[in-house]
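Student: A predicted structure for the sequence below; I have some questions about it.
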Amino acid sequence: MTIKRIHSGSPFEEKIGYCRAVVAGGFVHVAGTVGQGDTVEEQCRTALGTIGWALRQAGAGFSDAVRVTYYLPTASDFEKCWPILAETFGDNPPVATMIECGLIDAKYRIEIELTALAPVAA
């Protein structure tokens with residue numbers, strides 16, 4: 001089995017020992033991703049931007065997503081992200097789970113982890 005590792009260049013990847021995404025076993029596994037900004041909506045959009053970039057590097061897109069997990073320190077913030085998520089996934093929504101938990105830094109309001117189908121090699 002071929003494994004492709006996708007690095008975004010984040011200094012945390014080397015410091016912690018992970019990569020943004022791994023293509024293996026017919027799937028693209030995208031690491032938990034936080035975004036930048038002051039609001040949960042801004043962070044949601046920028047996290048999805050990073051995830052979208054990783055999916056493109058793997059030859060996939062949001063329409064290939066099969067599972068997404070949202071981690072939020074404040075569950076009531078999640079509803080603010082719903083329109084952004086509905087716009088992102090459109091007619092191809094994945095299965096989803098939202099978990100209320102602490103994140104690596106109190107400044108983060110949402111972290112998103114995603115699994116998508118990998119493109120079939122020609």
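Tutor: Everything's here; your move.

Student: Every contact and neighbour count from this point should use C-alpha atoms.
Tutor: Noted.

Student: wait, Arg45 sits on Ala86?
Tutor: No. Counting by CA atoms under 8 Å, Arg45 sits too far from Ala86 to count as a contact (11.8 Å).

Student: So for those two, which residue has more residues nearby?
Tutor: Arg45 (19 against 12; other CA atoms under 10 Å).

Student: Who are the contact partners of that one?
Tutor: Gly35, Ile84 (CA atoms under 8 Å, 6 or more residues apart in numbering).

Student: buried stuff in the host helix or strand of it?
Tutor: Secondary structure from DSSP states H and E places Arg45 in helix 40-57. Going by neighbour count (16 or more other CA atoms under 10 Å), the buried part of helix 40-57 is 40-48, 50-55, 57.

Student: Tell me where this protein has strands.
Tutor: 4-6, 21-24, 27-34, 65-72, 95-100, 111-117 (DSSP state E).

Student: ok, what's across the strand from the residue lying closest to Arg5 once chain neighbours are set aside?
Tutor: In space, and not counting its chain neighbours, Arg5 is closest to Val22: 4.6 Å by CA to CA, 6 or more residues apart in numbering. Val22 has the following beta-bridge partners by DSSP bridges: Arg5, His29.

Student: does Val22 really touch Ala54, like I thought?
Tutor: No. Using CA under 8 Å, Val22 is not in contact with Ala54; the gap is 9.2 Å.
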